[in-house]
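> no sequence on hand, only this structure:
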Ligand code: SF4
């Protein structure tokens with residue numbers, strides 16, 4: 001047996017120790033793939049940074065970053081594929097090596113109540129701590145940073161590029177920023193010092209301590225609330241609902257501007273009773289003026305056989321949320337729909353008119369509705 005094969009076998013054997021909970025079958029099938037090439041256990045990858053939020057467990061390291069709660073043996077890799085134990089120390093191997101770099105309208109995140117009409121310098125490094133059957137970025141989220149084509153862009157360079165491209169913010173997005181936390185945090189800290197805003201686009205699957213530290217440098221977040229059911233979270237996403245709900249509460253409590261996206265997947269997350277329960281929870285927790293985006297599913301990845309979400313079901317979800325007392329409800333991924341505009345909660349007039357990501361009219365003045373003076377929650381220009 002060659003040395004590399006031996007190391008892989010050791011790591012595979014040790015992987016049982018990495019999962020403190022049952023791993024869904026679709027995830028199990030991929031584990032050996034994650035280990036291949038993720039870490040050879042002896043060399044430090046060029047784009048490494050010692051990981052934050054860890055505790056020693058003998059030679060293994062317990063990662064405290066997210067609810068997956070991995071205990072990673074020497075030579076092993078976390079579920080997210082980008083945290084490796086090299087010689088008894090845990091390293092992020094997603095530091096300064098983004099696999100995606102784009103300039104996006106902030107509306108694409110989606111954030112509709114945060115500096116509308118501005119652009120967000122958007123970066124992602126490979127890896128994710130969930131394994132959603134419908135992932136739309138699986139080519140970069142379900143692989144390790146060693147398997148993607150990356151750019152060389154350290155935190156200082158990201159901030160400089162953001163300025164050069166005249167973006168108002170930096171977005172940590174596309175894959176899952178919790179898994180490239182060290183890179184995102186260091187970048188956000190520099191940006192924050194220099195007056196550039198930071199956006200966290202995430203599945204919300206993060207432990208409370210790293211989240212609270214993050215809130216110091218993040219200005220806005222859009223969090224995916226994938227369903228309102230633990231069983232669906234387990235089968236569809238290989239995750240848990242409760243930590244995501246905690247994330248929503250913490251962002252709100254820490255005064256980070258928050259918006260929520262709920263992807264309505266036929267047969268999975270389109271149950272109207274569940275949507276009503278979700279809205280009732282949001283209302284009960286003081287999140288009724290947090291913009292809620294019902295997003296249309298299109299066939300993707302392992303759910304390629306499903307149809308796109310029927311428009312009627314999106315509209316029913318929208319109506320259910322409004323009836324439940326949610327004040328700013330949107331329908332996404334349906335360009336030209338009336339529910340992509342913003343309406344004042346008090347006078348019901350259209351105050352921001354949109355077409356896709358473009359803004360055609362904005363009647364918010366100094367954070368208030370120009371027609372009736374109602375304060376519109378959000379972060380507005382001027
Ligand atoms: S961040 Fe990665 S290594 Fe850490 S617990 Fe989560 S999945 Fe595991």
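That came in fine, so what should we check first? On a predicted model such as this, the values are computed, not experimentally measured, just so you know. Numbers count the residues shown, from 1 in each chain.
> quick one: name the residues of the chain near the ligand.
Listed as neighbours of the ligand in the chain under the rule Cβ under 6 Å from any ligand atom: 63, 65-66, 68-70, 78-80, 83, 129, 179. Using the backbone N, CA and C atoms, a C-beta is placed for each residue, glycine as well.
> residues contacting whatever helix or strand residue 231 lives in, please?
In this assignment (DSSP states H and E), residue 231 forms part of helix 230-232. Helix 230-232 has contacts (Cβ atoms under 8 Å, 6 or more residues apart in numbering) with 226, 240-242, 268-269.
> quick one, which of those are buried?
Neighbour-count burial (16 or more other Cβ atoms under 10 Å) applied to the contacts of helix 230-232 gives 226, 240-241, 268-269.
> just put the residues you listed in CSV and tack on distance to residue 321.
Output for the buried ones among the contacts of helix 230-232, formatted as CSV (distance: Cβ to Cβ, whole Å):
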residue, distance to residue 321
226, 16
240, 23
241, 18
268, 18
269, 14
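> now the two most distant members of these.
Within the buried ones among the contacts of helix 230-232, 240 and 268 form the most distant pair, 16.1 Å apart (Cβ to Cβ).
> would you mark the buried spots in stretch 151-168?
Across stretch 151-168, burial judged by 16+ other Cβ under 10 Å covers 153-155, 158-159, 161-162, 167-168.
> touching stretch 219-226 from outside, list them.
Defining contact as Cβ under 8 Å, 6+ apart, one finds that stretch 219-226 is touched by 109-111, 114, 132, 169, 197-204, 232-233, 236-237, 239, 244-245, 247-248, 251, 256-263, 269, 278, 293, 379.
> quick revisit: need the next SSE after the helix holding residue 231, C-terminal direction.
Downstream of helix 230-232, the first helix or strand assigned by DSSP H and E is helix 242-253.
> what mean pLDDT would you report for that next one?
Across helix 242-253, the average pLDDT comes to 98.
> chain center to it: distance?
Centroid separation between helix 242-253 and its chain, computed with Cα atoms, centre = their mean, to the nearest Å, is 13 Å.
> go on, stretch 195-215?
That offset, for stretch 195-215, works out to 9 Å (Cα atoms, centre = their mean).
> flag every buried residue along that stretch.
By 16+ other Cβ under 10 Å, the buried positions in stretch 195-215 come out as 196-207, 210-211, 214-215.
> rewinding a little: among the residues of the chain next to the ligand, name the ones in helices.
Among the residues of the chain next to the ligand, no member is found in helices (DSSP state H).
> give me the subset of those residues that lies in strands.
Among the residues of the chain next to the ligand, the ones falling in strands (DSSP state E) are 63, 83.
> so which two of the residues of the chain next to the ligand are the farthest from each other?
Comparing all pairs in the residues of the chain next to the ligand by Cβ to Cβ, the longest separation belongs to 69 and 179, at 14.0 Å.
> those two: who's more crowded?
Under the neighbour definition other Cβ atoms under 10 Å, residue 69 and residue 179 were set side by side, and residue 179 has more, 33 against 16.
> so which of the buried ones among the contacts of helix 230-232 is the closest to the ligand?
Proximity of the buried ones among the contacts of helix 230-232 to the ligand (Cβ to the nearest ligand atom) peaks at residue 240, which lies at 12.1 Å.
> any stretches of this protein with poor pLDDT?
For the chain, the stretches flagged by pLDDT under 70 are 1-43, 382.
> so it: which segments form each domain?
24-92, 100-338, 341-382 (automatic domain parsing).
> of all the residues of the chain next to the ligand, which comes closest to the ligand?
For the residues of the chain next to the ligand, the closest approach to the ligand (Cβ to the nearest ligand atom) belongs to residue 78, at 2.2 Å.
> now the closest one. Nearest residue, chain neighbours left out?
Ranked by Cβ to Cβ, 6 or more residues apart in numbering and with sequence neighbours excluded, the top spatial neighbour of residue 78 is residue 70, at 4.3 Å.
> same thing with residue 367?
Per Cβ to Cβ, 6+ apart, closest to residue 367 is residue 380, 4.9 Å.
> thinking the one you found is in contact with residue 115, fair?
Yes - between residue 380 and residue 115 there is a contact at 7.4 Å, judged by Cβ atoms under 8 Å.
> fine by me, thanks again.
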